[in-house]
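[1] with the sequence up front, the predicted model follows.
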Amino acid sequence: MSAPASAPGTWGTRLAALAVILYAVVTIAPLLWIVQTGFKTPSDAIAYPPKVFAEPSLEGYVNLFTTRSRQTEEYIAGLPPPDSWVERLVRSRNMVIAGPSKVGERFVNSLIVGFGSTFLAVFLGTLAAYAFSRFRVPLKDDLMFFILSTRMMPPIAVAIPIYLMYRELGLTDTHLGMILLYTAVNVSLAVWLLKGFIDEIPREYEEAALIDGYSRLAAFRKVVLPQAATGIAATAIFCLIFAWNEYAFAVLLTSGEAQTMPPFIPFIIGEGGQDWPAVAAATTLFLIPIVVFTVLLRKHLLRGITFGAVRR
Amino acid sequence: MTETSTLHTLAARAGAATPPALAARVRGLSDRAIAWLFITPTVLLLLAINVFPLIWTVRLSFTNYRANRPDAPLRWLGLDNYTRILGDPDVWYAMQATAHFVVWSITLQVLLGFGLALLINRRFRGHGFWTTLILLPMMLSPAVVGNFWTFLFQPQTGLFNHVVAFVTGIDPGSFQMIGDVRLAPWAIVLVDTWMWTPYVMLICLAGLRSIPDDIYEAAEVDRAGPLRRFWSITLPMVLPFLMLAVLFRGIENFRMFDMVNLLTSGGPGSTTEVASITLKREAFEKWRTGYSSAFAVILFVTVFGLANIYVKALNAVRQR
Amino acid sequence: MAKAVTWMCGAAALALSAGAAQPALAQSKSLTLCWAAWDPANALVQLSKDFTTATGIGMKFEFVPWTSYADRFLNELNSKGKLCDLIIGDSQWIGGAAENGHYVKLNEFFEREGISMDDFMPATVVGYSQWPKNTPNYWALPAMGDAIGWTYRKDWFSRPEIRAAFRDKHGRDLEPPKTWTELKEVASFFQGREIDGKRVYGAYIYTERGSEGITMGVTNALYAHGFKYQDPDKPYAMDGFVNSPDAVKGLEAYKDLYKCCTAPGMTNAYMQEGLDAFKSGQVAMQMNFFAFFPGLHKDPNVGGDRIGFFVNPMETARGTQLGGQGISVVAYSDNRDEALQYIKWFAQPDVQKKWWALGGYSCHTAVLNDPDFPASAPFAADFLQSMSMVVDFWAEPSYASLLLDMQKRMHDYVVADKGTAKEALDLLIKDWTVVFEDDGKL
């Protein structure tokens, strides 16, 4: 419990390191287990006792990307020889591939909705943040608080009217509807984070540009935006992660055309209940971008999760 | 590619999106006009997708409206929905389940998160790498997390049960984290703690790093022991940060839906039916729109009220 | 970070343009049919290929798991979605779907095309097609007859050493149970027994909480003990019927069976978990829908002569839970004519015969009244008998509220050990009364 200045070689520090590493291992074990389950066969995945070492298999991934139908052995014996290892794997389970699964469409939906809403939220957020940072806006504090409070509002408090509104406007199960919704949720975060970033850019740069004959807008575009690049990127990733992970509205407002991954993954089923290797495979693919982003973001994470309230 | 050129691209795109005539007009605008031009779209969007629906929710809460029967005659019920909700023992049960979940998950996260922050703050070699690993769970989708923990909690075949069995020696098939009335409330606390401890840790770490070294040096001169230093320096200095973390986690967990819905869907019975799940069932499975709107308003007011009281306390601590 | 921005902008532009391009894709004529993801759905995919061959109209399918089926498709209908052109909706949806205009009324179409409801088994017409019940207003064509039945391990039941042990214990031969009392005896006899070196369990029953599972299970015990939803002479009067002493006994019997004779961990189990348990040789008896029986009978491990079937046992009354669905045209569909064309095609006797052959339960009399039908499959006779004694849950427009109330009360009592059976049923009446009051029916 002493000051952080203790030397790196002391016993206390070594013990601390050991405890942290132990926690990290325990906390990451479930994730590794899921990733590994994606490479097991369905029977190994639900083996009793659980198999730590199992023959690796791509069946989960094959099942994730295909729909299959069960056929009799005689029927399969009568087919021309399989033209790929995928086909061979499926046939060894007495099944034939009936077509691709819907996972591809759902993944594309996640990308469309995620990037679309992120782009819009960051675009709107940058404009508003700049205005709040640089201009004297009447009721500035009230407006900023209002923007923040929309994020704190339980989504359930507005879910019912949004449902009704979308039904009337025909926005249910459309990409546009989901993009607008996620933009509205994210824009508050974007404004708060970006205002913090823009506040940190010295005003002198712009003022110099204004004196050089730039218009206010040109100064914004040519001076402020380049300086805020890192902040904008960090904000964008935060928005993207939210849209990527969101479940409650997605399950309520989408059914097929615009359904994203989170409401899809839990309901990947095989012949006997949930097809765990396929679910694990989907989970793994779904998590990879998040892991990459977490590593990219680690310096700005704190700021992002506290709406810029804590910066360092 | 450098940062500047990238941003030029971004700016160019943004510029290209504005029609030239408008752009020309905008260029000549006063600062004040630009400020409004920049802020208005955001405010309009929030009015349309947050404020307007909220007002609508309040309006619906006084009626018997049902979204699955839009043509049924609408009746004005006054405060009936509210009195019914507040008099319903099941609603109070859901509130208790929510309180249990919120209080215990946050307590555990604060203890673990603060502890971890103290340890990581010793800056051993490689602490950056291990910290990033620890942070991963909180970046994941709560729905996906809830879903795969059902797999880990399976009584015969789940990893969790086997790890517990390995450590304690009891039979892995002898307890059911999700199916048992006594254990299920702890199962959701456990998963939430797994997921969000890093959040508290990160904020506490920022608090620890904000303490100037010379305060400790002064304490050293005064011969204050480690325990004393913790109580009189570390804790008070970190407290505002910790309280901020508790505020954010409290709001999030009070409205918890996705993780719990996928992990236990409120079961067994209604043991883990937290308020949001009750609300979702009333609103979108039973389609009692008016009634559930009143419930939503009650929850909203509760969160808002508690958060306001809390923020006052937070400010008091900060000023100390 | 800088690269991320460029990449993000590019991707966003791509995403937006892809979003804009999306509607243009849905050009060629095709129908989307929505149903649950289970064996019969795969059979329907197979069958529908003939429709595409005959008409050139493509068929797309949206199948979702049972546990989210009602939730998701009722949401779809209530949001006036256009995802489904045709929907095979659950029997209890019919009231709401008819009154709220989600389904197209089929009377005129039936008349025009010469489709007669007399060609379908009466119980299925009432159950899947009519609203209000027992009036000639049709909202669906009976598509899939179904009810709850039981499977058992015929091979275990016929082993001499097991039979001898049973006779020693109970003084009678080991046979598929005829009453709930016998069911419990047989189940507890098998519970924990070692068979082929494996510990097995007595029975598998429904306990699922989230959608309709435990209700679909409990009602079988309730009906068998004389439970009634309401006073036959006074609609919606439930006191003394829902919570009659018989009903209390039925509910207690279900909980007894759950407590004594099921595998551990079955606290939230529905159809799929039952199939898994039975196929992996864990249980002696399984409650499940007839829809799965063709698949189970073909199973390489437990099928063939290893599996037997029996109808829901009686205690003081006869009854079994109705399953099954009719096929309806969604009112919001842009392809109404093609969808009706599909129903017309599906109603033909030849198609119905093929439907049964592929593993779907036809409701057509051309199939069911065929003298060869009872012998056409080992479960066919039991199916006919079950269909003659089916009882359905409420099919009121407020069925979802009624169902969720029952799910909660039953799960609280059976699985979560809250209160007594009488208390659970009393609370259920209280919940249901509120629903009917809100509807203005009380």
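    Thanks, I have the structure now.

[2] going by C-alpha atoms from here, please, whenever you check contacts or count neighbours.
    Will do.

[3] so, low pLDDT: which residues of chain B?
    B:1-28, B:320 (pLDDT under 70).

[4] can you tell me the helix or strand for residue 287?
    This is for chain A. helix A:276-297 (DSSP states H and E).

[5] wait, chain C
    strand C:283-289.

[6] could you identify the helix or strand that succeeds that strand?
    helix C:293-297.

[7] tell me how far that following helix lies from the chain's centre.
    15 Å (CA atoms, centre = their mean, to the nearest Å).

[8] elements contacting it?
    Packing contacts for helix C:293-297, counted by 3 or more CA pairs under 8 Å, 6 or more residues apart in numbering or on different chains; DSSP states H and E, involve no helix or strand.

[9] contacts for the strand holding C:M287, please.
    C:146-153, C:156, C:187, C:190, C:200-206, C:217, C:263, C:271, C:274, C:277-278, C:323 (CA atoms under 8 Å, 6 or more residues apart in numbering or on different chains).

[10] could you list the alpha-carbon positions for it in PDB?
    Provided in PDB are the C-alpha atoms of strand C:283-289 (Å, rounded to 0.1, in the frame of the first residue of the first chain):
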ATOM      1  CA  VAL C 283     -33.600 -41.200 -20.400                       C
ATOM      2  CA  ALA C 284     -36.200 -44.000 -20.400                       C
ATOM      3  CA  MET C 285     -39.100 -41.800 -21.400                       C
ATOM      4  CA  GLN C 286     -39.500 -38.500 -23.100                       C
ATOM      5  CA  MET C 287     -42.300 -36.000 -23.500                       C
ATOM      6  CA  ASN C 288     -42.300 -34.300 -26.800                       C
ATOM      7  CA  PHE C 289     -44.200 -33.300 -29.900                       C
END
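
[11] tell me the strands beside that strand, with direction?
    strand C:148-153 (antiparallel), strand C:201-204 (parallel) (DSSP bridges).

[12] distance to C:K259, mean neighbour count and mean pLDDT added to the ones you listed, as JSON lines?
    Listed next are the strands paired with strand C:283-289 as JSON lines, based on distance: least, CA to CA, whole Å; neighbours: other CA atoms under 10 Å in any protein chain shown; pLDDT from 0 to 100:
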{"stretch": "strand C:148-153", "distance to C:K259": "19", "mean neighbour count": "24", "mean pLDDT": "97"}
{"stretch": "strand C:201-204", "distance to C:K259": "11", "mean neighbour count": "28", "mean pLDDT": "94"}
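
[13] now these as TSV including distance to C:D85?
    Below are these laid out as TSV (distance: least, CA to CA, whole Å):
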stretch	distance to C:D85
strand C:148-153	29
strand C:201-204	36
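
[14] near chain C, which residues of chain B?
    Applying CA under 8 Å from any CA of the partner chain, we find that chain B lies next to chain C at B:1-3, B:6, B:9-10, B:67-71, B:154-156, B:173-174, B:176, B:179-181, B:265-271, B:284-287.

[15] among the residues you listed, which ones are buried?
    Neighbour counting over the residues of chain B next to chain C (16 or more other CA atoms under 10 Å in any protein chain shown) leaves B:3, B:6, B:10, B:67-69, B:154-156, B:173, B:176, B:179-181, B:265-271, B:284-287 as the buried ones.

[16] next, count neighbours for A:K140.
    By the measure other CA atoms under 10 Å in any protein chain shown, the count of residues near A:K140 is 14.

[17] ok, which stretches of the chain are strands?
    Picking chain A for this. With strands called from DSSP state E, chain A shows them at A:66-70, A:95-100.

[18] could you do chain C instead?
    With DSSP E as the criterion, chain C has strands spanning C:30-36, C:58-64, C:86-90, C:141-144, C:148-153, C:194-195, C:198-199, C:201-204, C:283-289, C:307-311, C:320-321, C:325-329, C:390-391.

[19] contact partners for the residue nearest to C:M266 when sequence neighbours are not counted?
    In space, and not counting its chain neighbours, C:M266 is closest to C:T207: 7.1 Å by CA to CA, 6 or more residues apart in numbering or on different chains. Shown in contact with C:T207 (CA under 8 Å, 6+ apart): C:G213, C:I214, C:G217, C:M266, C:T267, C:N268, C:A269, C:Y270, C:H411, C:V415.

[20] alright, that wraps it up for me.
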